[in-house]
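Asks: missing the sequence, but the structure's below:
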């Protein structure tokens, strides 16, 4: 399988189909096919390993029985294929009956197809795409490992394919956070808005080298947990974990915010939490009631911060990406930051360079590292500047792992750094942060930062700025009038 031609071949075929419009639909179309192909490959393994294995899929809906083709074999194509896919395959997959007692790997089939669609209208072109996907042998370790890289490129393409980009965090970022938190086999890791599963797979890559025994393999299989609200990224995340040989991908299709945070029991908490929570969103009042009064807000990212706090085990550790608006925001944000300092060990905040998430968003972001081992003694801020030779990150020039090297060099031997009139690295005590009214906008970039504020906060800020500007104008006008009067 040629890695550089797989995706291009499929995209070139789909571009000739009148039913598929744009990269986002092409990727979604490709994704459900990959899921079924990979699921069928895993089922072949489970059938060998488990004498009593029973598939949740009717035989006629299994990939091997409708999509797979041997040379010279008659297969569904044209209108017959379209008829089967639209009226039997999708309807059958969405109607699969599941029970709470079923293993996750069976339940996941139904949830993966709840909102999936077939966009292609030309059955002949659909057959051509199926044939390309069918060429990959996911039970061949060489093919599977090679396809991991291809799948990562597919996920990266999502970043520039419309709104789907919100579900992908650059791999350099997820890998760096996993590197800092150092997950160990036997620990549990969670992402409560997991998107396509980037943090989950970055964790698995670090755990994979720790597998030594059969027991280790079983532990590895149950190391990560995810929840994703939207169907398409949920499908991508499940497929991602299958590719990493997780037979029971514990990824729920749902909203992490729809449960009262005070109801979580100890066995529902985690050793490690890594997240890039959606920010700038707004939650309904009924969702906000799942949180203590002082933590209620419509801002999605703030609510996820509360979930993280409630679902972190004692001695657990966290790496979370948040926008600049959280750092200098007031109201609930101040309450959350005070809680971080007083009840957790908020030890490091990394200010990320702009355009890390381009082209999806230009919002400035930060990584907050904290744990539940002790109370905060000092909080370090470190500004990671744009690498030399870069004006912006982009699809063709994305952020790379080596761009974090300045942080790595500084991390173990921390010292305060001044560059011109600006602090690049500086530590603050809890008392100093309190005196700043928990304004975490420290060691920032010299240029103006983009803000994300709730509507009322934004109105108040504009009113304050207008008042200050009016006062300045009035002062200048008064001085001019005085000068005129003196010259008369």
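Replies: In hand now; what should we look at? These numbers were taken from a predicted model, which means no experiment stands behind them.

Asks: how far is the strand of greatest length in the chain from where the chain is centred?
Replies: Counting by DSSP state E, the longest strand found in the chain is strand 312-323. Relative to its parent chain, strand 312-323 has a centroid offset of 15 Å by CA atoms, centre = their mean, to the nearest Å.

Asks: what pairs with it, and is each one parallel or antiparallel?
Replies: Partners of strand 312-323 in the sheet, by DSSP bridges, are strand 270-275 (parallel), strand 365-371 (antiparallel).

Asks: now the strands: where do they sit in the stretch 51-200 of the chain?
Replies: Secondary structure of the stretch 51-200 of the chain (DSSP state E, counting those that start in this stretch): strands located at 189-191.

Asks: Tell me where it has helices.
Replies: 63-66, 78-84, 90-94, 104-112, 123-134, 141-158, 171-181, 198-208 (DSSP state H, counting those that start in this stretch).

Asks: same deal with the stretch 301-450 of the chain?
Replies: Under DSSP H, counting those that start in this stretch, the stretch 301-450 of the chain gives helices at 324-328, 332-343, 405-411, 430-435.

Asks: list the buried ones in the third one?
Replies: So the one you mean is helix 405-411. Buried residues in helix 405-411, counted by 16 or more other CB atoms under 10 Å: 406, 407, 410, 411. From N, CA and C alone the C-beta is placed, and that goes for glycine too.

Asks: From residue 172, how far out is the second one?
Replies: Just to be clear, that refers to residue 407. To residue 172, residue 407 is 12 Å away according to CB to CB, to the nearest Å.

Asks: likewise the last one?
Replies: According to CB to CB, residue 411 and residue 172 sit 16 Å apart.

Asks: Nearest to residue 197 among the buried residues of helix 405-411?
Replies: Checking those against residue 197 with CB to CB, the nearest one is residue 407 at 24.1 Å.

Asks: So that closest one sits against residue 351, correct?
Replies: No: contact criterion CB atoms under 8 Å: residue 407 and residue 351 do not qualify, at 10.3 Å.

Asks: Spell out which residues are contacts of both of the two.
Replies: By the contact definition CB atoms under 8 Å, 6 or more residues apart in numbering, residue 407 and residue 351 are jointly contacted by 382, 384.

Asks: coming back round to it: need the winner for burial among the strands paired with strand 312-323.
Replies: Neighbour counts (mean count of other CB atoms under 10 Å) averaged over each of these peak at strand 270-275, with a mean of 25.

Asks: Which positions in stretch 173-193 come out as buried?
Replies: So stretch 173-193, judged by 16+ other CB under 10 Å, has buried residues 173-181, 183, 185, 187-193.

Asks: just stretch 231-249 next, same as before
Replies: Neighbour-count burial for stretch 231-249 flags 231-244, 246-247, 249 (criterion: 16+ other CB under 10 Å).

Asks: re the thing from before, compare the helices of the stretch 301-450 of the chain and say which comes out lowest on pLDDT.
Replies: Looking at these, the lowest mean pLDDT belongs to helix 324-328 (a mean of 93).

Asks: What is it packed up against?
Replies: Helices and strands touching helix 324-328, by 3 or more CB pairs under 8 Å, 6 or more residues apart in numbering; DSSP states H and E, are helix 300-310, helix 332-343, strand 365-371.

Asks: could the ones you listed be laid out in TSV, adding distance to residue 66?
Replies: TSV is the format used below for the helices and strands packed on helix 324-328 (distance: least, CB to CB, whole Å):
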stretch	distance to residue 66
helix 300-310	40
helix 332-343	51
strand 365-371	44
